[in-house]
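1. here's a sequence, model it:
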Amino acid sequence: MPKFDLSMIRNIGIMAHIDAGKTTLTERILYYTGKTHRLGEVDEGSATMDYMDQEKERGITITSAATTVYWKGYRINIIDTPGHVDFTVEVERSLRVLDGGVVIFSAVEGVESQSETVWKQANRYNIPRITFINKLDRMGSNFYRTLEMMKEKLNANVVVVNFPIGCESSFSGVVDVIEGKGYIWEGETLGATFKPIPIPDEYKERYHQFREDMIDKLSLYDERLMELYLEGEEIPPELLLEALRASTIAGVLFPVFCGSALKNKAVQKVLDGVVNLLPSPLDLPPIEGTHPDTGKPLKRYPKEDEPFSALVFKILADPHGKISLARVYSGSVKKGETVLVVNEKKRERISRIYLMHADKRLEVNEARVGEIVGFVGLRSAKTGHTLSHQKHPILLEPPYIPEPVVFVSVEPKTQKELEKLNQALRVMSEEDPTFQIKQDPETGQTLISGMGELHLEVIVERIKREFGVQARMGKPRVSYRETIKKEAVGEGRFIKQSGGKGQYGHVVLRIEPSDDFEIAFDIKKGVIPSQFFQAIKEGIEEARESGLLAGFPVVKTKVTVIDGSYHEVDSSEPAYKIAASMAFKDAYRKADPVLLEPIMRMEILLPKEFIGDVVEDLNSKRAKIIGFEHRPDFEIINVFVPLAELFGYATTLRSITKGRGFYTMQLDHYEEIPEKIYEKTLKKVRGY
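-> Model (predicted):
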């Protein structure tokens, strides 16, 4: 592979609400950059990036897929992410390793609930991004309404780079605000060719408005542009582009592009936006981490002569060996070399290196700074793990992994398949950190947890297809949380004598309500040696994973270790771990524990005539309506509903609206179960 100048590399993600057109846009990008020679279609099941059988059948993206394309001399590494909330971890872990993003909005629906979620996810990682208002050919599309929604719902400081010529069926091209000319797409070239035209008279006023707005906003961040503006001088397009690039990378402005991916219009302008406005690895600050042993802050600069460092953001199961997808942040590594898996403190040899193109791969000899590659041979690496040079370790921050909200029991159809099922579940949980497995201590059943019914259905279907195990799934159940309502102190002693050296651990701790779960130490020096602090933390973490009310994780609790003692000979890490767990349980029993239920934020789209019936049904489900939105051809209900009330809701909504309503939902928060149904719910989850 040719060696690329880092300034010519772009690492981007394409993200949006479900059905906004992410995969369709990616397919056009592959076609116009020459990566593919035919247009893949999501609806036909022929999209290159949706390569799993279930993606083709369901017409949705389930797993993020990586590819590399070349445009005007630039190398663009792309990750196409899912839009469905059940697979939101795919967006989360992709954003952690990307330098920029393209966020797509449908011009028909505008800014939807999952659009807000991906925007907030991108904010969390400070990702510079450009936006693309898609589906301008569709009936009911409205570029200007969507633009206003971006300002209001996302609080985004947007600047229009191009706006549409025509609308709905007459949409034919765009006006480029920076260049001061129009472009139209016509003919039978599948959008590969387009021609410049003078700005049509009816769009000149709008062009001047958008150009003034762009100059106004950019002049706040660029002194040269401000001087020309105040002196009434003409501002050249090159300066506008340079200033807009700087403001986009700084995250203060968000450029807006528009078009129709399905109708092959204006996709090339988005590609131009990616290379002209989004950052290269050199444009961003060095990656920060810590030394795994000392905790000392460290930095790695995007240079080849820096020690090698990379972050694994995804694991792929493969018949020829597990593939660890990783972003290289500094240095380089060659096939056959040994690296340190920092989190596991294990040295492992990289047997192969791949450049990925969806489910296809190209073997290369070396992975360099700025690249996104697949490593084979790293048996202990997991999502969020850091890889580094053996002599220069650094621990990078992993991506945020949301907690599962639904669980079901799963069992094989025959006992002979039990081991195959367990192996398949282990592989799935390695691939997907939001998919978790545990045994029910009372029934011995295998319980699997995930982000929603669809998520678990997809997992079980994959197990059938990829591992040949016919698994039966129980009814979905809510994954509750536990917390406390008051402060309490607990004590744990673990003392054991067995002839020789004994075991001694003694911990006293205080727990109190908090906004998050945290562990702190407030003890006099020498009461418990600091070498045992990690074991104490592990004991507390282990105990909080299964609360005493119903076995659910404990949240929103601050734990402070306030006292204890130690024995010079018998004290050990295992003893302190057990003592800390005992102390936590002791305090927890006294702290008035309660059960919390997940509350989902739903966005329901439906024809106006069904609003009354749908609202009546929602009221029976303990729903809290946030508000209504009117669109030309449908209505939107925004509402909070407990997840426990929503199993099978897709069928209910279809029935009420005669198949014309649909919804999206995502976890918003947890709250205490209402007093009137608390005891009933508690008995139910305990299995009484």
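2. the stretch 301-450 of the chain: helices as residue ranges?
-> 418-431 (DSSP state H, counting those that start in this stretch).
3. would you check how far apart the most centrally placed residue in the chain and Ser324 are?
-> What sits nearest the mean C-alpha location of the chain, by Cα atoms, centre = their mean, is Glu92, with 1.8 Å. Separation of Glu92 from Ser324 (Cβ to Cβ, to the nearest Å) stands at 17 Å. Where you see a C-beta, it was placed from the backbone N, CA and C, and this is true even at glycine.
4. ranges for the strands of the stretch 51-200 of the chain?
-> 65-71, 74-80, 100-106, 129-134, 158-160, 162-165, 173-176, 181-184, 195-197 (DSSP state E, counting those that start in this stretch).
5. between these, which gets the lowest average pLDDT?
-> Across the strands of the stretch 51-200 of the chain, strand 65-71 has the smallest mean pLDDT, namely a mean of 83.
6. that strand pairs with which strands, and in what direction?
-> strand 74-80 (antiparallel) (DSSP bridges).
7. just the angle for the strand it pairs with relative to strand 100-106, thanks.
-> 50 degrees (axes from the mean of the first three to the mean of the last three Cα atoms, to 10 degrees).
8. what's the first helix or strand after the helix or strand where Gly505 lies?
-> Element membership of Gly505, judged by DSSP states H and E, is strand 503-513. Following strand 503-513 in sequence order, the next helix or strand is strand 518-521 (DSSP H and E).
9. run through who's touching that following strand.
-> Contacts to strand 518-521, defined as Cβ atoms under 8 Å, 6 or more residues apart in numbering, come from residues Phe533, Lys537, Ile540, Glu541, Lys558, Val559, Thr560, Val561.
10. distance from that strand to the middle of the chain?
-> 28 Å (Cα atoms, centre = their mean, to the nearest Å).
11. may I see the buried residues of the helix or strand following that strand?
-> Past strand 518-521, heading to the C-terminal end, the next element that is a helix or strand (DSSP H and E) is helix 533-544. Burial within helix 533-544, assessed by neighbour count using 16 or more other Cβ atoms under 10 Å, is assigned to Phe533, Ala535, Ile536, Lys537, Glu538, Gly539, Ile540, Glu541, Ala543, Arg544.
12. ok, now stretch 494-509?
-> In stretch 494-509, residues buried by neighbour count (16+ other Cβ under 10 Å) are Phe494, Gln503, Tyr504, Gly505, His506, Val507, Val508, Leu509.
13. report the two of those residues separated the most.
-> Gln503 and Leu509 (19.3 Å; Cβ to Cβ).
14. just to revisit the earlier point, need the buried residues of helix 533-544 in a markdown table (columns: pLDDT).
-> As requested, those are arranged in a markdown table below (pLDDT from 0 to 100):
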| residue | pLDDT |
| --- | --- |
| Phe533 | 94 |
| Ala535 | 95 |
| Ile536 | 96 |
| Lys537 | 95 |
| Glu538 | 95 |
| Gly539 | 96 |
| Ile540 | 96 |
| Glu541 | 95 |
| Ala543 | 95 |
| Arg544 | 94 |
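15. in this protein, where is pLDDT below threshold?
-> Low-confidence segments of the chain (pLDDT under 70): 1-3, 36-65, 82-89, 188-189, 319-321, 358-359, 441-443, 498-500, 688.
16. biggest strand in it by residues?
-> strand 593-606 (DSSP state E).
17. tell me the angle of that strand relative to strand 503-513?
-> 50 degrees.
18. helices or strands up against strand 593-606?
-> helix 113-124, strand 481-484, strand 635-642, strand 662-672, helix 675-686 (3 or more Cβ pairs under 8 Å, 6 or more residues apart in numbering; DSSP states H and E).
19. repeat the analysis, applying 10 Å as the threshold.
-> helix 113-124, strand 481-484, helix 611-619, strand 624-630, strand 635-642, helix 649-656, strand 662-672, helix 675-686 (3 or more Cβ pairs under 10 Å, 6 or more residues apart in numbering; DSSP states H and E).
20. thanks a lot, catch you later.
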